[in-house]
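K.L.:
Fold the stuff below for me.
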Amino acid sequence: MTPPQFLRRLGFLFLLPLLFQVARAHPIPDIPVHGNFEAGGKAFIRVDVNPRCFDEDPTTATSLTRLLFSNLSKERKEQLLKNAAELVKRDVEFYLEPVGRIQPDFTFEFSGEAGHALETDDSVVVISGKWPTQIPSGVTGWSIRSAPENKLSVVFENEINGAPHPRVSVLFPGERSFTLDLTELTGVLPREAIPGSIPASGGSGHVASTIWSFAKQGFGHVIPAGLDHILFVLGLFLLGRSWKPLLWQVSAFTLAHSATLALVTLGQVNASPKVVEPLIAASIALVAFENIWKPVYSLRRLLVVFAFGLVHGLGFAGGLNDLTIPKGSLLAALGGFNLGVEAGQIAAITLAFLLTGWIRDDTVYRRYVAVPGSALIGLAGLYWTVQRLMGA
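P.N.:
Numbering: from 1, shown residues only. Reported below is the predicted structural model:
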């Protein structure tokens, strides 16, 4: 293959995902399903739907803020409520054992994200479906399933007598949650009579289950939903072919984003997406263009990567901020999510190695891979920076 032919193919390889995904700016919203159960069988089920879910591509849609909501017509608001009811009915299945599948009688209304008050014009508006009910006599367990055709993940979280249940599940399309044993609340049957169920007290093994569940979500936050984070990692990869600089850069990036991800999740740091998202985009452009102008690994480069890693951690935290994670499961959820993010990054780098590792000549690699690849990544970063600064 001649260099011009190789360049055309490589340019197509890098340009294709940009053409189809260049506007991807936000992680895909989840659908949290929250069950609240009390002794005696009293229950309250809530499901939250971000209006972005109605868009053909939720990753390109912007959230509905209080300011935007205030300007909607009555007819548009009613349509959004109808859309939420249809989405929940289609994409989430609800089960009571031994009754089987049920259809909760939700009442949908607008509220703040994750139950927060709509305090500012930038506060995100979601649609909450609420179903207060009494668990029928003879019911022993509660579970949900994400419908196979669902394009979103569903989060299964519960409270028992006001205390968060330690096990939380993130369900991808077609997956069913564990069965929450309700017999401790109703006294219908002894716990042992329900094979495979999880007692209201949490039971054993919930830590491993939570880690695995959130690891899947973390991976999905990078592949396929995190094109901006992927391009940043590829920018690190394109600096040079030596594995040591890449290892140091990825390690610095991992350490930094893990730190801020933990701080945000633990409630110690709070940053506006209006600041974080443009900075993430700018970091992509800077690292990529530096590969062209100054393709030398140095301590300065390592410090820059670490600083931008702190910013990317604030972006990763968006995948956890809208969930009500019980304190007893917070470290497991955080660790699992972070493992998933790392797995996504490693997958991206591994693929890059497989696609370019056969090129032995360093001059050819730089001329036809590193430079054009970095240029395309840098242009994408600039585009995102302008787009996000303009509030797109």
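K.L.:
helix/strand/coil for F156?
P.N.:
strand (DSSP: H, G, I helix; E, B strand; the rest coil).
K.L.:
What about L263, how many residues nearby?
P.N.:
If you count neighbours by other CB atoms under 10 Å, L263 ends up with 17. Backbone N, C-alpha and C define where each C-beta goes, glycine included.
K.L.:
got the contact list for the closest residue to it other than its chain neighbours?
P.N.:
Nearest residue to L263 in three dimensions, chain neighbours excluded: V269, at 4.2 Å (CB to CB, 6 or more residues apart in numbering). By CB atoms under 8 Å, 6 or more residues apart in numbering, the residues touching V269 are 260, 263, 314.
K.L.:
Name the SS class of the second one, please.
P.N.:
To tie it back to what came earlier, the one meant is L263. helix.
K.L.:
In terms of pLDDT, where does it sit?
P.N.:
Looking at L263, its pLDDT is 85.
K.L.:
Quick check: buried residues in the longest strand anywhere in the chain?
P.N.:
Criterion DSSP state E: the longest strand present in the chain is strand 125-134. Going by neighbour count (16 or more other CB atoms under 10 Å), the buried part of strand 125-134 is 125-131.
K.L.:
Just checking: what are the partner strands of that strand?
P.N.:
Strand 125-134 pairs in its sheet with strand 42-49 (antiparallel), strand 107-112 (antiparallel), by DSSP bridges.
K.L.:
Show the subsequent helix or strand relative to the longest one.
P.N.:
Past strand 42-49, further along toward the C-terminus, the next helix or strand under DSSP states H and E is helix 66-70.
K.L.:
quick one: buried residues of that next one?
P.N.:
By neighbour count on 16+ other CB under 10 Å, the buried set for helix 66-70 is 66, 69.
K.L.:
can you give me how far it is from the chain middle?
P.N.:
24 Å (CA atoms, centre = their mean, to the nearest Å).
K.L.:
same question, stretch 298-313
P.N.:
With CA atoms, centre = their mean, you get 22 Å for stretch 298-313.
K.L.:
ok, back up a step: can you add distance to S63 and give the contacts of V269 back as a markdown table?
P.N.:
What follows is those, written out as a markdown table (distance: CB to CB, whole Å):
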| residue | distance to S63 |
| --- | --- |
| T260 | 21 |
| L263 | 23 |
| L314 | 16 |
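K.L.:
And these, which is closest to Q103?
P.N.:
The shortest gap between Q103 and any of the contacts of V269 belongs to L314, at 39.3 Å (CB to CB).
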